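K.L.:
Quick check, what structure comes out for this input:
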Amino acid sequence: MTYLPKIKKKNIALPLLLLGAIFTSCKDQKEENKDQDNAQIEANSEELEDEAGLNELSAKEKEEGWELLFDGESTDGWRGYGKDSFPKGWVIEDGALKVQGSGAGEAGGGGDIIYKEEFKDFELSLEWKVSEGGNSGIFYLAEEIDGEPIYTSAPEFQILDNEKHPDARLGKNGNRQSASLYDLIPAEPQNAKPVGEWNKASIIVYRGTVVHSQNGENVVEYHLWTDKWKEMVADSKFKDWENFLNAGGEDKQGYIGLQDHGDDVWFRNIKIKKL
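P.N.:
Take a look at the predicted model:
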């Protein structure tokens, strides 16, 4: 009799279990990756909704109550300081409000402009760039007083080419450089971008507290109408300007203004949120 060797039965249960586990793991991983992809797509969509185009408000900004003061196409809402109309010397160029340099400083050109509405507590945001050797400013809480220029009643966020304009070396401790409270408080740190590049400016006014921000950093903080404010003004060239000391007047509110200092300067993405 011939004996055939016994064939050992293989245990196939364990490999099948392993294959099942691997399949389940791959399936779970695919589902997880799919969920992550969907989450990323949703996050990217939300990010796109929050990104505003030039001179536009994002969906988020609209929800937060921001208002555009300049649409990039018209001068609606703006007029000359002390005037009923928008002055010559200002134009719209590539989606920006531009003051055209006269070469004669404050003595020439179209003069300063203001927005039609007065604001009390607010956050103002805009972008600006300046020509070589250029000078300008952003006024706030300005009163419109017959026979008086705007700077006699309004604090000023300085705009300047810090490299070429002599004002950068005048005043005290750099208090005439970009984003400074002009001639009173220097912007620290001084982080203005070079001529020809866009800078972002922000001004917050809330119950007398004022903050200047430049390119994402807070660079000036002070408090209007306080004893310290009065002392600071009394020790400056503004000491005899009662309207400046009492910026905003009785109602503690005023106009937003852009300065014509005789140089080419551009402004865009001008928006405000009432606080």
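
K.L.:
residues near residue 178, how many?
P.N.:
For residue 178, the number of neighbouring residues by other Cβ atoms under 10 Å comes to 29. Where you see a C-beta, it was placed from the backbone N, CA and C, and this is true even at glycine.

K.L.:
May I have the secondary structure class of it?
P.N.:
Secondary structure assignment for residue 178 (DSSP: H, G, I helix; E, B strand; the rest coil): coil.

K.L.:
On the pLDDT front, check the residue lying closest to it once chain neighbours are set aside for me.
P.N.:
Using Cβ to Cβ, 6 or more residues apart in numbering and skipping the chain neighbours, the partner closest in space to residue 178 is residue 192 (3.8 Å). Residue 192 is assigned a pLDDT of 98 by the prediction.

K.L.:
Would you agree residue 192 is in contact with residue 214?
P.N.:
Yes: at 6.5 Å, residue 192 and residue 214 qualify as touching, with contact defined as Cβ atoms under 8 Å.

K.L.:
Stretch 201-221: end-to-end distance?
P.N.:
One end of stretch 201-221 to the other measures 14 Å (Cα to Cα, to the nearest Å).

K.L.:
Which phi and psi values does residue 62 adopt?
P.N.:
The main-chain torsion angles of residue 62 are listed as degrees, to the nearest 10 and equal phi -60, psi -40.

K.L.:
Ok, the one 4 residues further on next?
P.N.:
Residue 66 adopts backbone torsions of phi -70, psi 150, taken as degrees, to the nearest 10.

K.L.:
got it, and residue 63?
P.N.:
Dihedral pair for residue 63: phi -60, psi -30, per degrees, to the nearest 10.

K.L.:
same deal with residue 167?
P.N.:
Backbone geometry at residue 167, expressed as degrees, to the nearest 10, gives phi -60, psi -30.

K.L.:
Spit out the contact partners of it.
P.N.:
135, 158, 160, 176, 177 (Cβ atoms under 8 Å, 6 or more residues apart in numbering).

K.L.:
can you list those residues in a markdown table and add pLDDT and distance to residue 237?
P.N.:
Below are the contacts of residue 167 laid out as a markdown table (pLDDT from 0 to 100; distance: Cβ to Cβ, whole Å):
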| residue | pLDDT | distance to residue 237 |
| --- | --- | --- |
| 135 | 96 | 16 |
| 158 | 98 | 14 |
| 160 | 98 | 17 |
| 176 | 97 | 11 |
| 177 | 98 | 17 |
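
K.L.:
For residue 92, what is the enclosing helix or strand?
P.N.:
Assigned by DSSP states H and E, residue 92 belongs to strand 90-93.

K.L.:
Same check on residue 61?
P.N.:
Secondary structure assignment for residue 61, by DSSP H and E: helix 59-64.

K.L.:
Which residues in that helix does the neighbour count mark as buried?
P.N.:
Along helix 59-64, these residues count as buried under the neighbour rule (16 or more other Cβ atoms under 10 Å): residue 61.
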